[in-house]
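1. need a structure here:
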Amino acid sequence: MPRDSVRQPFLSVPGAVYAVGAGELQVYLYPDSTARRRDFANVDTVRVQPAGSAVAWRATPTLMVSNNLAAILLSDSETQIERVRLALTAGLPEP
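-> Numbering: from 1, shown residues only. Below you'll find the predicted structure:
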């Protein structure tokens, strides 16, 4: 169950926030993968922020995408990042 909702100014859809151990998972569901790709077209996917701007994340952000889902995991745990990535991206392949 989500802990709260979240909005990022560079994304067109609201997200749900989940506590994942000591980390935070922000999940954004788009109507389709095209809408998701459009939102992330100008986002630095390593730093998870729009090109030329800065977001003050509370921990290291990791972007994970799968079809119409985008998730931002805020965690410094490599093990946690790997486990969440495997769980979220084990679905259908990208179109």
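2. C-alpha coordinates for stretch 51-62, PDB please?
-> Taking Å, rounded to 0.1, in the frame of the first residue of the first chain, the C-alpha atoms of stretch 51-62 are listed here in PDB:
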ATOM      1  CA  ALA A  51      19.100  18.300 -18.400                       C
ATOM      2  CA  GLY A  52      20.400  21.600 -17.100                       C
ATOM      3  CA  SER A  53      18.600  21.500 -13.700                       C
ATOM      4  CA  ALA A  54      19.200  19.900 -10.300                       C
ATOM      5  CA  VAL A  55      16.900  17.900  -8.100                       C
ATOM      6  CA  ALA A  56      17.800  17.600  -4.400                       C
ATOM      7  CA  TRP A  57      17.200  13.900  -3.900                       C
ATOM      8  CA  ARG A  58      17.400  12.700  -0.300                       C
ATOM      9  CA  ALA A  59      19.400   9.600  -1.400                       C
ATOM     10  CA  THR A  60      21.000   8.300  -4.600                       C
ATOM     11  CA  PRO A  61      18.200   8.100  -7.300                       C
ATOM     12  CA  THR A  62      18.000   5.100  -9.600                       C
END
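3. quick one: buried residues of it?
-> Neighbour counts over stretch 51-62 (16 or more other C-beta atoms under 10 Å) mark 61-62 as buried. Quick note: C-beta positions are derived from backbone N, CA and C, even for glycine.
4. and it, average pLDDT?
-> Averaging pLDDT along stretch 51-62 gives 93.
5. now the strands for the chain?
-> Per DSSP state E, the chain carries strands over the ranges 4-6, 15-20, 23-29, 43-44, 49-50, 61-66, 69-74.
6. out of these, which comes closest to Arg85?
-> Closest approach to Arg85 among these (C-beta to C-beta): strand 61-66, 5.3 Å.
7. partners of that closest one, with directions?
-> Neighbouring strands of strand 61-66 in its sheet, by DSSP bridges, are strand 69-74 (antiparallel).
8. most tightly surrounded among the strands of the chain?
-> Mean neighbour count, computed with mean count of other C-beta atoms under 10 Å, is highest for strand 69-74 among the strands of the chain, reaching a mean of 22.
9. pull the residues that contact that strand.
-> 8, 11, 15, 20, 23-30, 36, 39-40, 48, 57-65, 80-81, 84-85, 88, 91 (C-beta atoms under 8 Å, 6 or more residues apart in numbering).
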